[in-house]
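1. The sequence and its predicted three-dimensional model are supplied below.
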Amino acid sequence: MTQHIRRVTSYIVAGLLCAGGLAAFLMGGFSANARPSRAEERFANLAKEVVIPFEAQIRHNPIAANEQARQAGLEIYQRSCSTCHGEDGRSQGAYGRSMYPPAMDLTSPHVRKWSDAELFWIVENGVRFTGMPGWHEMLDEESTWRVVLAIRQLQQAGPKQTAAASLALTPEQRLREGALMFRQENCVGCHKLNGEGGGVGPDLTIEGDRGRTNQWLTGHFKNPPAYVPGSLMPATINLNDDQLQALTDFLQAQHKKK
Ligand code: HEC
Ligand code: HEC
């Protein structure tokens with residue numbers, strides 16, 4: 001995607017909808033296998049307020065990725081970032097998790113997919129409408145590039161949650177984890193839940209009453225058009241199987257209030 005806007009706030013989704021713009025979108029009938037159209041790509045990226053200017057995307061990390069630079073970056077990271085993102089970058093601490101949206105797991109595919117230049121920009125500017133502050137006044141450019149190296153270092157450790165770890169969660173913990181993922185992945189940008197959220201996709205307040213199997217739900221998260229031909233829902237690529245299962249449990253628990 002070459003346009004300047006990588007991801008646009010979900011609030012715009014609601015705006016588009018109101019404007020009736022989406023009707024035109026939907027009637028276009030996107031096929032699952034064809035290369036996504038520009039419109040569709042943009043639609044799939046309607047997730048959060050991260051708008052990275054093109055000039056910022058083509059910068060190169062001027063700091064050589066050696067041990068010394070990484071160490072310096074990790075020190076800045078522990079001082080400035082670990083309160084919310086945790087010492088290991090996985091944002092498992094109570095403080096980061098309680099934010100709305102929660103502090104993001106910096107080792108997740110979601111964050112891995114950013115280039116160094118994009119990470120640099122995100123750290124400098126922060127993420128609007130979230131608790132992620134911009135650091136351009138607190139960190140000089142070199143320090144920020146070092147922090148980018150530190151994030152890459154933390155990502156080397158790979159995904160943490162294993163099947164064994166999730167099985168160890170109690171059902172209540174799994175529901176909480178699912179609710180957390182629902183916010184982290186900004187599903188509310190397109191779906192209503194208990195009266196809150198966008199209207200692009202179906203209201204999920206009663207998803208547990210729709211009679212979907214767990215397999216259908218997790219399969220659909222991974223590849224929506226394989227289950228609903230022409231589906232516009234973006235594949236949930238940022239979560240591991242345990243997190244998808246937690247999300248499934250969470251949705252299966254949504255029933256019509258009596
Ligand atoms: C006060 C808490 C807080 C601190 C401190 C903080 N962050 Fe964040 N960070 C957040 C939150 C909340 C999000 C989730 C924003 C979102 O959903 O996009 C986030 C998201 C991110 C993302 C992912 C953005 C995206 O959408 O992909 C990166 C990268 C990041 N932070 C890096 C850092 C770095 C590096 C530091 C230290 C220099 C830092 N953060 C300090 C709260 C914090
Ligand atoms: C960009 C908008 C968008 C986002 C973001 C989005 N969805 Fe969807 N979703 C849709 C659309 C459109 C449909 C209807 C087509 C379909 O079923 O695939 C849908 C359908 C669904 C369904 C099927 C409901 C049913 O039983 O028929 C579920 C469940 C669902 N979404 C859950 C989620 C979850 C969980 C997330 C976050 C990880 C999410 N969606 C993110 C647009 C979105």
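-> Thanks, I have the structure now. Ligands and ions are numbered 1, 2, ... in the order given.

2. can we go C-alpha only for contacts and neighbour counts from here?
-> Will do.

3. For ligand 1, what's the nearest residue on the stretch 151-258 of the chain?
-> residue 184 (6.1 Å; Cα to the nearest ligand atom).

4. Could you find the closest non-adjacent residue to residue 200?
-> Of all residues not flanking residue 200 in the chain, residue 190 sits nearest, at 4.8 Å (Cα to Cα, 6 or more residues apart in numbering).

5. any idea how far residue 177 is from the one you found?
-> Distance, residue 190 to residue 177, by Cα to Cα, to the nearest Å: 20 Å.

6. Is it correct that the residue nearest to residue 200 is in contact with residue 197?
-> Yes: Residue 190 is in contact with residue 197 according to Cα atoms under 8 Å; the separation is 6.5 Å.

7. near ligand 1, which residues of this structure show up?
-> When proximity is defined as Cα under 6 Å from any ligand atom, the chain approaches ligand 1 at 77, 80-81, 83-84, 99, 101-104, 110-111, 119, 123, 127, 130-132, 147.

8. on that earlier part again, tell me the spacing between the residue of the stretch 151-258 of the chain closest to ligand 1 and residue 61.
-> For residue 184 relative to residue 61 (Cα to Cα), the value is 28 Å.

9. How is the chain divided into domains?
-> Segmentation of the chain into domains, based on automatic domain parsing, reads 55-155, 163-252.

10. will you turn those domains into a markdown table that also has mean pLDDT and distance to residue 258?
-> Shown next, in a markdown table, are the domains of the chain (pLDDT from 0 to 100; distance: least, Cα to Cα, whole Å):
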| stretch | mean pLDDT | distance to residue 258 |
| --- | --- | --- |
| domain 55-155 | 91 | 28 |
| domain 163-252 | 88 | 11 |
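
11. Can I get those domains in a markdown table including mean neighbour count?
-> Formatted as a markdown table, the domains of the chain follow (neighbours: other Cα atoms under 10 Å):
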| stretch | mean neighbour count |
| --- | --- |
| domain 55-155 | 18 |
| domain 163-252 | 17 |
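
12. and of the ones you listed, who's closest to ligand 2?
-> For ligand 2, the closest of the domains of the chain is domain 163-252, at 3.5 Å, according to Cα to the nearest ligand atom.

13. is ligand 2 contacted by the closest one?
-> Yes: with Cα under 6 Å from any ligand atom as the criterion, ligand 2 is reached by domain 163-252 at 182, 185-187, 189-190, 200-202, 207, 210, 217, 224, 228, 231-234, 236.

14. again, but for stretch 91-106
-> No: Stretch 91-106 stays clear of ligand 2 (Cα under 6 Å from any ligand atom), getting no nearer than 12.9 Å.

15. that older thread, any idea how far the residue nearest to residue 200 lies from residue 62?
-> Distance from residue 190 to residue 62, by Cα to Cα: 39 Å.

16. State the pLDDT value of residue 15.
-> At residue 15, the pLDDT value in this model is 36.

17. which ones are touching residue 65?
-> residue 149 (Cα atoms under 8 Å, 6 or more residues apart in numbering).
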